[in-house]
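[1] Give me coordinates for this.
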Amino acid sequence: MREKPNKSPQEQKSELDELRLMIDTSLDVICTIDSEGHFIRISKACEKVWGYREDELIGKIYLDLVHPDDREKTSQAALEILHGQNTTSFENRYIRKDGSSVPLLWSGRWDEHTKLVYCVAKDATSIVNKFETEKEKVRKNKDILLNNTDRLIWSFDKDKNLIEANNIFFQSLKEYSGIEIKRGQNLIDEKVVGNLQLIDRWSELYDIALSGEEIEIELEVPNQSGTGSSIWLRTEFKPIKENNIVVGGVCQTFDITARIKTEEEVKELNKKLNESHRIAKIGYWELNLEKNEIYWSDEVFRIWGIDRKAKPDYDGFLSTIHPEDREEFLFRSKEALSGKKPLHYEHRILLPDGTVKWVLEQGVLKKNSNNKPSFKGTVQDITKQKLVEEELKERTEYIESVLEYMPIGISVSTINDGTVIMTNPEFNKVYGWPPGKLKNVGSFLKKIFPNQENRAKMIKMMTGDIEKGDISRMQWHDIKITTQDGNEKYIDVKNIPLPEQNVMISTAIDVTEKKKHKEDIQRSYEEKNEILESISEAFYALNDNYEFTYINQTTLNLFNKPSEELIGCNLFDEFPELKKTIFFTRLEQVKSTQKPARFEFHYKLYDAWFDENIYPTKDGFSVFFKDITDRKNIERELKETSQKNNEILESISDGFFALDQDFKFTYINEEAENLLAIKKGKSLNKSIWDIFKPAVDTQLYHEYHKALQLKETRTFEYYYTPLKTWFLSKVYPSENGLSVYFRDINEEKRNQAKMEKLHAELKERAIKLEQINKELEQFAFIASHDLQEPLRMITSFMSQLKNKYSKSLDEKANTYIDYAVDGGSRMRQIIVDLLEYSRAGNDEIFTENLNPNELVEGILALYRDTIETKNATVVVEKLPIISYSKTGLNQVFQNLIGNALKYIPKGRKPKLKISCEENDIHYEFIISDNGIGIQKEYLDDIFVIFKRLHTKKEYSGSGLGLAICKKIVEKYGGKIWVHSQAEKGSHFHFTVPKNKITYE
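    As a prediction, this is how the structure comes out:
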């Protein structure tokens, strides 16, 4: 290896000069800095970049020149260089000598050998200016992007301060919320936002975004423009990340009202679709091929007449298909399941009650995203359509038969090109030309009108009448024609155009012997019209503009308008309400799909339901319809009745179940489940004797069989040992089997046993009480009789004493004698009243027909002196004849009338009124007075024995009169009471039952 030759000092100096020159001529500042931050050497570029000469900087600390805002990051970068980490493109700003700042790009490297940092600083002013220019361009582009959208867009930092936002954000906040916010302000500052509730909600949403989660909310807010409905807004929150760290968030709010409305419209359309399926009787089904399970929509259950709670399966479904259609259905299903072609098959089904229905099954094989197949489709009840088809088929066969043998020539041809579609034999016979010669109307006219002039005249006449569109002008009489053999005939011709079907119906009659066959011709003509108008359904034809082109008589009768007022008129101009119904929607569908539609709808104008069939034609539509209001009302009533019956059966407190002719359960209510400890789902369609085997050949078993065989209601009690329960059962026979009501009477049986025991005890006590009462009555009679004798003796002797010695006795002695006589008399009266009270209600019952007016008249005669003395007024209304005890009724009236005359304030004239009211149960007698009355708190006490409300000095009496009245009235099954106020008189009421009274 060759060694590098030693350079001479001169060469070394030359290299150093070149190196120095290279450093000094550099546009970038090149310098060395020691570990303490002093400039050691520096290139001349420092004067251009910073404005300082070399000698002014050497020895100075570089950090003193650094912009104050950049010193911290500059110190951190220097520390990293001192630790051996090379730095390139470090940015900071230096303060120039003139005080201005200059941006720099630094590169630095620490040399361990020299213990110096070698640095290069580049003036980055041009770079920064370019960056600012680009930044401004980006900002403008960003502004254009942000402010050319109707969305509110804003961003925020981690402290929820607003970083940036578009103009519509600021405008919307100010316009709708009155909030004015500036960039840098806090978005949840109460002073800025104002609404605390709003602050809490938005702060929570900002926190979610700052946690790194993307969220969105949708809110319905009032329409600030005041134009009506509210609007929907969607706000999206997204975090802003730098180096996978969340440093803020960005939000955007935009109007989603149109989308929400669209979704609501879709929901409403789905709802209408489901409703249309229900109205059209179209059900949806789905077969799970893996599990062999079937899903049915509600309409399928209704079509099959099966309870919605039932769980359908494929085998059960196959069993409902009519035996004659089952093999073909399986073949069609197999084709569909193999993917050859979709299922489309009309077949019959058998309902649980044996009814046969026609249905249209349509299905297709579908595969999901996992390539798993499923069989889906629809089923429609087409029973009515089938019946109509059968009827139409019969009518068609009938019409063809009629046409075959009808003595009128009939032909059908196309209107546009005159092609003859068909002729009946009579038509060929009338014209005298065989069918093969009648292929086109034009050539046919040349044959029957060989004379050119005559032919032109006839064609002009017929064409003119046809073009006028007036059917009445499209008939021509006594037309002379020429037959194939050259003979001439006279015929009557009539054309019936059906433009919507491009059909012209022509009839021809041989009228050569017109006079002879006039009646036959007239009868044939009427028969033809009868055929054309014999269709019972209403129908009409429309063109593509929905204008009437034909209306049959049934429809005209319904519309109550003549044909000339409707033909050529728009259907929806004549009946504008139709445009708001499903009819218009279906008509539009038929127009767009060119497929017929059948549906039912309610027309408010007539308040009626119609079954509509719309068929597309070449020139418009044919519409068949009929009024089904009666059927709809019956269906509604049946549904309501069924619902009410079920509600009643489930709400009654008794158990209830129904059995068919084989004693199988067809219905069980909830109470029956509870009483019999069975489950409805496991018991329906099972024999009661299979479920309750111990009941076979028991009373229950025989009663049920008697009810079914004899067709009579059976009511009986029975004890079912397995349930340890007594039941009361009522069994009603019906055409379908038995209806059974029953209830648990265990408690009644226990109560009955207790009652029988109590009854026996009461009967025994009654016998004892009867004996005691007899003894008491005997005692009372003897006691009252024995007590009266000494009282009579005392009263008698005291009276004699007064008579003989009153003159020799002083006034006080005479007063004492009067007291003794009065006390004895009162005591005797009390004993008499007590005896009467003991007898009242205990005498043997004896009633007779009485006239209360006569009794009252007698009582008033007894009180005549009192009435005259007090100048009393007594009004007695007409009283009814009643069955009662004469003595008892007399005593009641006498006591009540006597009290009314007695209890009168001094100076007041008594006024009495005796009246009677009646109802279905009893007579109610009322004795009213204007006496002293009774305070409310004493109204019940006055009927208590010996109860007095006044002193004997004020009003005489023993206090037994009303007690006796009460005892008599209650003995005869009545009630007695009083309405009264102090000083306002009293109204005594007592009742007499109308029915015969019995007593034990």
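[2] For residue 900, the count of nearby residues, please.
    Residue 900 has 25 neighbours, counted by other Cβ atoms under 10 Å. Quick note: C-beta positions are derived from backbone N, CA and C, even for glycine.
[3] pretty sure residue 162 is touching residue 153, no?
    No. Residue 162 is not in contact with residue 153 according to Cβ atoms under 8 Å; the separation is 11.7 Å.
[4] what touches both of these two?
    Overlap of the contact sets of residue 162 and residue 153 (by Cβ atoms under 8 Å, 6 or more residues apart in numbering) is empty.
[5] mind checking the SS state of residue 495?
    strand (DSSP: H, G, I helix; E, B strand; the rest coil).
[6] neighbours of the closest residue to residue 83 other than its chain neighbours, just the number please.
    In this structure, residue 83 finds its nearest non-sequential neighbour in residue 110, 7.8 Å apart by Cβ to Cβ, 6 or more residues apart in numbering. Residue 110 is flanked by 20 other residues according to other Cβ under 10 Å.
[7] Point out where the stretch 351-500 of the chain drops to low pLDDT.
    369 (pLDDT under 70).
[8] Strands of that one, residue ranges please.
    356-367, 373-381, 409-414, 420-423, 475-482, 488-498 (DSSP state E, counting those that start in this stretch).
[9] burial count for residue 266?
    Residue 266 has 10 neighbours, counted by other Cβ under 10 Å.
[10] residues contacting it?
    By Cβ under 8 Å, 6+ apart, no residues touch residue 266.
[11] still on that earlier bit, right, and the residue nearest to residue 83 touches residue 79 too?
    No. Between residue 110 and residue 79 there is no contact under Cβ under 8 Å: 10.6 Å.
[12] where does the residue nearest to residue 541 when sequence neighbours are not counted land in three-state SS?
    Closest residue to residue 541 apart from its sequence neighbours, by Cβ to Cβ, 6+ apart: residue 550 at 4.0 Å. Secondary structure, three-state DSSP: residue 550 is strand.
[13] residues contacting residue 550?
    498, 500, 540-541, 567.
[14] For the stretch 601-750 of the chain, which segments are assigned as helices?
    For the stretch 601-750 of the chain, helices defined by DSSP state H, counting those that start in this stretch occupy the ranges 629-651, 670-676, 680-683, 688-691, 699-710, 746-805.
[15] how about the nearest residue to residue 428, chain neighbours excluded?
    For residue 428, the spatially nearest residue (Cβ to Cβ, 6+ apart) is residue 435, at 5.6 Å.
[16] And for the one you found, the neighbour number?
    Neighbour tally, residue 435, other Cβ under 10 Å: 14.
[17] ok, it touching residue 424?
    No. Applying Cβ under 8 Å, one finds residue 435 not in contact with residue 424, separated by 9.8 Å.
[18] Can you give me the distance of residue 792 to residue 799?
    The gap separating residue 792 from residue 799 is 10 Å, by Cβ to Cβ, to the nearest Å.
[19] Next SSE downstream of the lowest-mean-pLDDT helix or strand in the chain?
    Least confident element among the helices and strands of the chain, by mean pLDDT, DSSP states H and E: helix 518-532 (a mean of 47). Counting by DSSP states H and E, the next helix or strand C-terminal to helix 518-532 is strand 538-543.
[20] where does residue 92 land on pLDDT?
    On pLDDT, residue 92 comes in at 91.
[21] for it, what are its contacts?
    Residue 92 is in contact with 66-67, 70, 73-74, 77, 103-104, 106, counting by Cβ under 8 Å, 6+ apart.
[22] Then residue 76?
    Applying Cβ under 8 Å, 6+ apart, no residues contact residue 76.
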